[in-house]
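Asker: This is a predicted model, with the sequence first.
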Amino acid sequence: MSKTAFDYIIIGAGSAGCVLANRLSANSGNSVCVVEGGGSESAPNVSIPAGILSLYGNPKYDYAYVGTPQPELNNRRIPVNRGKALGGSSTINSMVFIRGACSDYDEWAELGCAGWAWDDVLPVFKSLERNRVGQSADWHGFDGELYVNKARDPNPVSRMFIEAGKSVGLPEKTDFNDGDQFGVGIYNVTQKDGMRWSSYRAFLKPVLDRPNLTVLAETETRRLILDGTRVTGVEVATKAGVQTLTAAKEVILSAGAIGSPTLMMRSGIGPAAGLKAAGVSVLHDLPGVGQNLRDHVDGMITVRSSSTKTLGLSVANLPSMLAAPFQWMFARKGMLTTNYVEAGGFAKTKYAGKEPDIQFHFVPGYRSHRGRLVEYGHGYAVHTCVLRPKSVGEIRLVGNGAAEIDHKFFSAPEDAQTLVEGIKVARSIFESDVFAPIRGPEILPGPDVRTDDEILDYLRAEALTVYHPVGTCKMGTDPMAVVDPATMKVSGLDGLRVADASIMPTLIGGNTNVPSMMIGERCARAVLIS
């Protein structure tokens with residue numbers, strides 16, 4: 001590595017970090033370095049939407065964290081998939097374009113995050129978006145870098161899910177980002193020409209030729225370097241060895257809700273008692289680091305079917321499987337275009353207030369009852385998650401700089417109650433006559449699981465997460481806040497900001513990829529005016 005001194009060092013080339021790198025390096029007077037632990041995302045299985053099945057749990061693309069035993073979930077350890085490649089988790093996600101409810105951001109402002117209300121963030125969202133669906137200019141942008149498109153070739157069974165939802169009173173939605181999420185529909189996706197359009201491809205890859213921009217992939221950030229209360233650089237490890245990179249102006253953490261607090265605590269920034277217990281010298285006591293972990297807890301219904309309309313691995317489906325590569329190459333059609341969670345939507349249980357409290361991710365294929373990524377045969381499934389969980393977890397540092405991820409799922413009983421009701425709503429959709437022509441046996445939870453207590457027992461045994469961790473370096477003005485809402489600077493330190501999902505004070509009602517990009521844009525603007 002020839003150059004080791006920069007103006008700005010960005011840790012993480014994920015959803016937020018790629019936006020930051022683009023914006024800061026647009027000024028040729030700024031030297032910018034991006035440090036990413038993962039490597040290339042150029043393989044075909046990243047570009048082809050259906051390739052996501054080969055990405056989850058793959059050590060080349062996924063950190064594949066595992067949480068601590070969860071007492072309310074039968075002491076199971078829950079997988080925590082996070083992207084390990086240029087583009088971060090936007091390189092392995094399902095590409096669903098959702099921004100959350102307007103009220104989510106208004107709540108942030110009410111919690112002390114002035115400037116983060118919906119009317120403040122909507123123009124930022126629009127500036128990032130290149131909408132190709134023809135949706136309203138009141139809600140969407142058309143000149144940004146992030147392509148938003150319709151799904152290229154949705155499976156017909158996804159259409160059945162929508163019709164079944166309508167039969168139980170859920171309206172059909174063609175835009176989940178128009179201020180009213182309630183209903184079911186085909187999700188819009190972050191794709192261009194039928195291929196994944198990650199944050200890296202949208203914001204960073206097009207500007208790699210800027211002479212003032214350095215991207216260090218496959219480079220581990222070990223710790224932040226402090227001089228008193230100022231962060232002056234980072235220590236990194238590459239295949240060539242350990243080196244120190246210096247930042248004349250700032251270091252910006254965009255390593256995500258797991259990576260950012262872990263790196264801070266490893267560097268001696270965090271709750272003093274926890275750092276001491278982990279054997280780390282306390283350089284800056286900041287009690288909120290690693291706290292306030294929130295995620296969408298999720299339950300699944302999966303049904304077997306003999307219908308080859310559904311996606312599946314079978315002898316009967318062999319002709320479609322053989323045709324799929326050619327359909328994709330020449331027309332961007334066929335089963336390889338699927339992002340698997342093609343359809344879904346937002347609904348209300350009896351516990352909901354004004355906004356929906358559950359979200360569906362419908363899969364027009366059989367989801368394994370054994371946890372396998374691929375299972376022989378056909379079927380369909382729906383995931384149901386609690387949108388605004390009250391359970392709050394934490395990330396703790398343990399020996400050797402490692403972190404424990406403790407979601408504390410169902411520690412708030414309201415979350416369990418909401419998810420039980422959510423499973424009942426999802427079941428009512430699947431029990432619609434619309435599914436009668438292809439219906440087979442329900443494998444999970446199974447026909448014998450009917451009462452609330454039985455459903456809850458099932459969820460304790462099987463519930464997982466849809467991988468939307470946030471909040472572990474939250475912004476705000478209360479004693480547990482880590483960053484300032486106006487600047488995203490870390491409280492009590494100079495030269496350090498955080499820009500990723502970890503700064504969210506609460507979890508939004510929806511997928512977190514695009515909101516993280518918005519956070520990166522907000523941080524870049526704050527840096528450039530400072």
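Answerer: Structure's in. What do you need? Numbers count the residues shown, from 1 in each chain.
Asker: Please give the element, helix or strand, for residue 323.
Answerer: When elements are assigned from DSSP states H and E, residue 323 belongs to helix 318-331.
Asker: Packing partners of that helix?
Answerer: Contacts of helix 318-331 with other secondary structure elements, assessed using 3 or more CB pairs under 8 Å, 6 or more residues apart in numbering; DSSP states H and E, are absent: no helix or strand is involved. C-beta here means a position set from N, CA and C on the backbone, and glycine is covered the same way.
Asker: what's around residue 84, how many residues?
Answerer: Look at residue 84: counted by other CB atoms under 10 Å, it has 24 neighbours.
Asker: same question, the one 10 residues further on
Answerer: Using other CB under 10 Å, the number of residues around residue 94 comes to 22.
Asker: Would you quantify the distance from residue 308 to residue 452?
Answerer: Distance from residue 308 to residue 452, counting by CB to CB, to the nearest Å: 36 Å.
Asker: check contacts around residue 9.
Answerer: For residue 9, the contacting residues are 32, 33, 34, 35, 233, 234, 245, 247, 250, 251, 252, by CB atoms under 8 Å, 6 or more residues apart in numbering.
Asker: okay but residue 239 is in contact with residue 216, surely?
Answerer: No: with the criterion set as CB atoms under 8 Å, residue 239 and residue 216 do not qualify as a contacting pair; they are 11.2 Å apart.
Asker: These two: who's more crowded?
Answerer: For residue 239 and residue 216, the more surrounded residue by other CB under 10 Å is residue 216, and the numbers stand at 19 against 6.
Asker: check contacts around the more buried one.
Answerer: For residue 216, the contacting residues are 1, 33, 34, 35, 36, 236, 238, by CB under 8 Å, 6+ apart.
Asker: One more: residue 332?
Answerer: Neighbour list for residue 332: 152, 153, 193, 194 [criterion: CB under 8 Å, 6+ apart].
Asker: Can you report how many residues lie near residue 28?
Answerer: Using other CB under 10 Å, the number of residues around residue 28 comes to 10.
Asker: doesn't residue 299 fall inside a strand?
Answerer: Yes: under DSSP: H, G, I helix; E, B strand; the rest coil, residue 299 sits within a strand.
Asker: That one contacts residue 419, correct?
Answerer: Yes: counting by CB under 8 Å, residue 299 sits close enough to residue 419 to count as a contact (5.4 Å).
Asker: overlap in contacts of these two?
Answerer: 384, 385, 459, 463.
Asker: Any of the residues you listed buried? List them.
Answerer: Among the shared contacts of residue 299 and residue 419, those buried by neighbour count (16 or more other CB atoms under 10 Å) are 384, 385, 459, 463.
Asker: quick one: which of these is nearest residue 199?
Answerer: Among those, residue 385 lies closest to residue 199 (CB to CB), at 22.6 Å.
Asker: Is the closest one in contact with residue 356, as I believe?
Answerer: No: contact between residue 385 and residue 356 fails when scored by CB under 8 Å: they sit 11.0 Å apart.
Asker: Which of the shared contacts of residue 299 and residue 419 fall in helices?
Answerer: With helices identified by DSSP state H, the entries of the shared contacts of residue 299 and residue 419 that belong to them are residue 459.
Asker: Tell me the span between the first and last residue of stretch 250-258.
Answerer: Separation of the first and last residues of stretch 250-258 by CA to CA, to the nearest Å is 21 Å.
Asker: what does stretch 285-294 give?
Answerer: Looking at stretch 285-294, the gap from its leading to its trailing residue is 22 Å under the measure CA to CA.
Asker: For that stretch, buried residues please.
Answerer: Of the residues in stretch 285-294, those buried (16+ other CB under 10 Å) are 286, 288, 289, 290, 291, 292, 293, 294.
Asker: who's in contact with it?
Answerer: Here stretch 285-294 makes contact (CB under 8 Å, 6+ apart) with 257, 261-262, 264-265, 269-272, 274, 389, 391-397, 403, 405-408, 469-474, 479-482, 490-492, 504-507.
Asker: hmm, back to that, out of the contacts of residue 216, who's nearest residue 161?
Answerer: Distances from residue 161 to these, taken as CB to CB, are shortest for residue 36 (36.8 Å).
Asker: burial of residue 3, as a residue count?
Answerer: Summarising burial for residue 3: neighbours were counted as other CB under 10 Å, giving 9.
Asker: Ok, residue 138 next?
Answerer: By other CB under 10 Å, neighbour count at residue 138 equals 9.
Asker: which one is it nearest to, not counting chain neighbours?
Answerer: Of all residues beyond its chain neighbours, the one nearest residue 138 is residue 178 (7.8 Å), with distances taken as CB to CB, 6 or more residues apart in numbering.
Asker: now do the same end-to-end measure for stretch 185-203.
Answerer: 28 Å.
Asker: Relative to the whole chain's centre, how far out is it?
Answerer: Relative to the centre of its chain, stretch 185-203 is centred 14 Å away, using CA atoms, centre = their mean, to the nearest Å.
Asker: And for stretch 24-34?
Answerer: Shown here is stretch 24-34, whose average C-alpha point lies 27 Å from the average C-alpha point of the whole chain (CA atoms, centre = their mean).
Asker: What pairs with the longest strand seen in the chain, parallel or antiparallel?
Answerer: Longest strand in the chain by number of residues (criterion: DSSP state E): strand 241-253. Note on strand 241-253: by DSSP bridges, its sheet partners are strand 5-11 (parallel), strand 230-238 (antiparallel), strand 496-498 (parallel).
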